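Q: Prediction below, plus the sequence it came from.
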Amino acid sequence: MTAAWPPAEVRLDPNKRVLFLTKDLELIRKQLEEGLDLRMEDLTVDDLLDDINTDVMTPAWVCFRHRPADIALDAYAGLVDADGKRVFETRALIDGNFEAIVSGYRKGTGSSRETAAQCERWSGIRYVFAASFAPIHERNNLNLGQLMGDHAMLARLQAGEALPLSAFTDRYDPVTRTMVENGGLFAFAKKVTSGEITLPANATGKRPMTMAEKMIAAKMLNPGAEGAYVKPHDPVLARVDGGYSHEFTTAQVHTFLAEEYGDDYQVQNADKLAVFEDHLLYADGVARFAPFVAQIQTLRDLQKEFQQHTGVRDYSARDGVSPGICHQVAREEFVDPGDFIQATDSHTCMGGGSNALTYGVGATEYAGLAHSGFTFVKVPEAIRFELVGELPAGTTAKDVMLHILDVYAKREDTLNRSMEFGGPGLASLSIDERATLCNMATECTARTGICEGDALLVEWLAERRPHLSMEEIEASLVFPDEDAVYDGGVYTIDLSAIVPMVAKPHDPTYGATIAELEEVKIDIAYGGSCTAGKIEDFRYYAEVCQAAVDAGLQVAEGVDFYIQFGSKPVQDFARAQGWIELFEQAGVMLINPGCGACIGCGPGVSETAEQVTVSAINRNFSGRSGPGKLYLASPLSVAASAFVGRIAEYREGMFAALAQPAGA
């Protein structure tokens, strides 16, 4: 960034270009390869690509690079046509001389990876226009100092009009506006620290609050005269209790901190910050990642360097075995009720199952909060789901979330909101199942998910926090005020009406009930990931496998069934229950703790476009877990499907007919 950025008056540079990401991929190619220039007035929002996810902008193999300029070389490498051919070849965005990029709705869905914003910024893009943005991706852009606007603003600029900088910043709160007008997060943070920028006290007075609002208010550094109260959209600085990064992101955090604060930089709350080696654990054995082995090792080495420099918690792999997936281990070991936790991964929100405020941020934002101990928060609106009844046999919390995705997320009711779960039906769900609800809040493009606490949570935590008494844990629980306001509305979900569901390829919101599907034969069944690698998930896998074994069945011919442990405690529990022997008897292939097929690294990844996978992971974007067709389903449905060779819901006694000899 230069001292001249951002300009006080914005004009498009006549020597630079605007790139329109259209649903017609050939039209994108013509812009990249033939110099075609388009204008906003010639297009409608329906012509532009929606739901461009961060995996498309920077696939996993691009994220093996930790320097932003190197990441930019293969911007949008994941955007492929029907034949699997890349639309953007190497250097296509850099060499196109573009200063602005344009898309449709929900730009930047999916993973929180900041590389998606960096690939544009370091290709020369300074203006990003879309009909709407996914919240984490938008924040990553703002942290980098990008100017973000809508299609009408672009049309005015292309008509030769000049826009004041305020046209891009007036829609933001005072803190975000000041940050953007000062060139991005680090420039802003330095001025706050030096006293050049003083934030006013938050003006919100006493009012009833939601769980997210209460948790933010309790950490707020600039409370108002009436005390610590916040309302939606309030800009505040808040103390962060802890966080974590993994080997995909730590190298950038380390690099940013050293560049901004010097090689002797410090971090706050090191005892509740952590690094994890989980995401790239199996990458070395993936053929398509072979060219990137050296880069992957560099990421690991830089993470070790960061950990040794800072003294944060170390969850590195030992002898090639990880302690587990960061989100699962964090909730097992250090995410407590009322905590404010941030981490460099979009599924950080899984910690909300423990009645905490947790969500993902980019590496820039994480580096800033690790150094200062506080971060900027724009208080989110909330949407409440009042759960009643109990789930019927054959359904799980995953089915609840697939239902919510199909109904509420699809119409953007959950967009950038805190999804808060309560009601009498919540008590019927285990703590692991509540973690599933919160984990998939990010698939709903929500800011986070939070469950109310109760005696069951207190008991679960007491088993894992020997230094805390049950009374101390109970006292830390956060509940919404009875008359709290939910801008997104309050919706009752009757758990007893939930049926087994899937999300069809290639988006988690493409919901359908299994009963309405035509027969879908499968090649791969996969159980695991942070969403489905918990103890309760393994209880589901074991239930189905036991029923199959009792019926004399093994995994169906032609199907590979993989189950991966979410953490070492989960694996130890499964061993103690005798489930490992059961799984092996049923023909299941077991994988040590860590991320795997969900991130495209390890067994369970499809190899061809024709293969069909039914998976218990949380997202099924194209290419996410190989080139094949990926259906999302619950652990019960995934396991049942593995034994019948097609997508199926689990019903008691369903294997009896399969086990009978022909003609019986």
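A: Perfect, I can see it now.
Q: quick check: longest helix of this protein.
A: Criterion DSSP state H: the longest helix present in the chain is helix 293-310.
Q: low pLDDT regions in this structure?
A: Where the chain drops to pLDDT under 70, the residues are 1-3, 659-664.
Q: Break it down into its domains, please.
A: 9-192, 235-377, 383-497, 501-659 (automatic domain parsing).
Q: now Leu221: how far from Gly110?
A: 31 Å (Cβ to Cβ, to the nearest Å). Just so you know, the C-beta spots here come from the backbone N, C-alpha and C atoms, and that holds for glycine as well.
Q: Looking at the two, which one has more neighbours?
A: Taking other Cβ atoms under 10 Å, Leu221 and Gly110 do not tie; Gly110 has more neighbours (26 against 15).
Q: Need phi/psi at the nearest residue to the more buried one once chain neighbours are set aside.
A: With Cβ to Cβ, 6 or more residues apart in numbering as the criterion, Gly110 has its nearest non-adjacent residue at 3.5 Å, and that residue is Asn53. Main-chain dihedrals, Asn53, degrees, to the nearest 10: phi -90, psi 160.
Q: Asn53 bridge partners, please.
A: Taking DSSP bridges, one obtains Thr109 as the residues bridged to Asn53.
Q: Tabulate the CA atom coordinates of stretch 370-388 in PDB.
A: Below are the C-alpha coordinates for stretch 370-388, written out as PDB (Å, rounded to 0.1, in the frame of the first residue of the first chain):
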ATOM      1  CA  ALA A 370      -2.800 -11.800  18.700                       C
ATOM      2  CA  HIS A 371      -0.500  -8.900  19.100                       C
ATOM      3  CA  SER A 372      -2.800  -6.500  20.800                       C
ATOM      4  CA  GLY A 373      -5.200  -8.800  22.700                       C
ATOM      5  CA  PHE A 374      -8.200  -7.000  21.300                       C
ATOM      6  CA  THR A 375     -10.000  -6.700  18.000                       C
ATOM      7  CA  PHE A 376     -12.600  -4.700  16.200                       C
ATOM      8  CA  VAL A 377     -16.200  -6.100  16.300                       C
ATOM      9  CA  LYS A 378     -19.300  -4.900  14.500                       C
ATOM     10  CA  VAL A 379     -22.100  -6.300  16.600                       C
ATOM     11  CA  PRO A 380     -24.100  -8.700  14.500                       C
ATOM     12  CA  GLU A 381     -27.800  -8.900  14.300                       C
ATOM     13  CA  ALA A 382     -29.300 -12.200  15.600                       C
ATOM     14  CA  ILE A 383     -31.700 -14.800  14.400                       C
ATOM     15  CA  ARG A 384     -33.200 -17.200  17.000                       C
ATOM     16  CA  PHE A 385     -34.100 -20.800  16.500                       C
ATOM     17  CA  GLU A 386     -36.500 -22.100  19.200                       C
ATOM     18  CA  LEU A 387     -36.200 -25.900  19.200                       C
ATOM     19  CA  VAL A 388     -39.100 -28.000  20.400                       C
END
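Q: Partner strands of the helix or strand just after the longest helix of the chain and their direction?
A: Per DSSP states H and E, the first helix or strand lying C-terminal to helix 293-310 is strand 313-315. Next to strand 313-315 in the sheet, as set by DSSP bridges, lie strand 273-276 (parallel).
Q: Contacts for the strand it pairs with, please.
A: 242-247, 250, 267, 303, 306-307, 310, 312-316, 322-323, 325-326, 329-330, 334, 370 (Cβ atoms under 8 Å, 6 or more residues apart in numbering).
Q: Output the longest helix of the chain as CSV, nothing but the C-alphas.
A: C-alpha atoms of helix 293-310 as CSV (Å, rounded to 0.1, in the frame of the first residue of the first chain):
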residue,chain,number,x,y,z
VAL,A,293,5.5,-30.7,-1.0
ALA,A,294,8.3,-28.2,-0.4
GLN,A,295,5.9,-25.4,0.0
ILE,A,296,3.8,-27.4,2.5
GLN,A,297,6.9,-28.2,4.5
THR,A,298,7.8,-24.5,4.5
LEU,A,299,4.4,-23.8,6.1
ARG,A,300,5.0,-26.4,8.7
ASP,A,301,8.5,-25.0,9.5
LEU,A,302,7.2,-21.4,9.8
GLN,A,303,4.4,-22.6,12.1
LYS,A,304,7.0,-24.2,14.4
GLU,A,305,9.0,-21.0,14.3
PHE,A,306,6.0,-19.0,15.3
GLN,A,307,5.1,-21.4,18.1
GLN,A,308,8.7,-21.3,19.5
HIS,A,309,8.8,-17.6,19.2
THR,A,310,5.5,-16.9,21.0
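Q: for that helix, packing partners?
A: With contacts taken as 3 or more Cβ pairs under 8 Å, 6 or more residues apart in numbering; DSSP states H and E, helix 293-310 sits against helix 250-261, strand 273-276.
Q: I'd like the distance from the longest one to the chain centre, please.
A: Read that as helix 250-261. Distance, stretch centre to chain centre, for helix 250-261: 22 Å (Cα atoms, centre = their mean, to the nearest Å).
Q: got the angle between that helix and helix 293-310?
A: Orientation check (axes from the mean of the first three to the mean of the last three Cα atoms, to 10 degrees): helix 250-261 against helix 293-310 gives 50 degrees.
Q: still on that earlier bit, enumerate the positions of the longest helix of the chain that are buried.
A: Across helix 293-310, burial judged by 16 or more other Cβ atoms under 10 Å covers 295-296, 298-300, 302-304, 306-307, 309-310.
Q: ok, and for stretch 604-624, which residues are buried?
A: 604-606, 611-624.
Q: What's the end-to-end length of that stretch?
A: Start to finish, the residues bounding stretch 604-624 are 12 Å apart (Cα to Cα, to the nearest Å).
Q: Kindly report the same for stretch 306-325.
A: Stretch 306-325: ends 19 Å apart by Cα to Cα.
Q: mind listing what Phe133 touches?
A: 106-108, 141, 148.
Q: These in helices, which ones?
A: Using DSSP H, the contacts of Phe133 in helices are Asn141.
Q: ok, of the contacts of Phe133, which come out buried?
A: Here, 16+ other Cβ under 10 Å leaves 106-108, 141, 148 buried among the contacts of Phe133.
Q: with those in mind, which one is nearest to Gly360?
A: Nearest to Gly360, judged by Cβ to Cβ, of the buried ones among the contacts of Phe133 is Gly108 at 12.3 Å.
Q: and the closest one, what are its phi and psi?
A: Dihedral angles (degrees, to the nearest 10) for Gly108: phi 80, psi 30.
Q: again with Asp432
A: Dihedral angles for Asp432 - degrees, to the nearest 10 - are phi -60, psi -40.
Q: thinking it is in contact with Tyr540, fair?
A: No: using Cβ atoms under 8 Å, Asp432 is not in contact with Tyr540; the gap is 10.0 Å.
Q: distance of Ala290 from Ala212?
A: 44 Å.
Q: how about stretch 499-517: buried residues?
A: 500-511, 513-514, 517.
Q: What about those residues, which are in strands?
A: Taking DSSP state E as the definition of strands, these contribute 501-503, 511, 513.
Q: Show me which pair in the residues you listed is furthest apart.
A: Ala503 and Thr513 (11.3 Å).
Q: Could you report the neighbour count for the nearest residue to Glu181 once chain neighbours are set aside?
A: Leaving aside its sequence neighbours, Glu181 sits nearest to Thr169 (Cβ to Cβ, 6+ apart; 5.8 Å). A count of nearby residues for Thr169, using other Cβ under 10 Å, gives 20.
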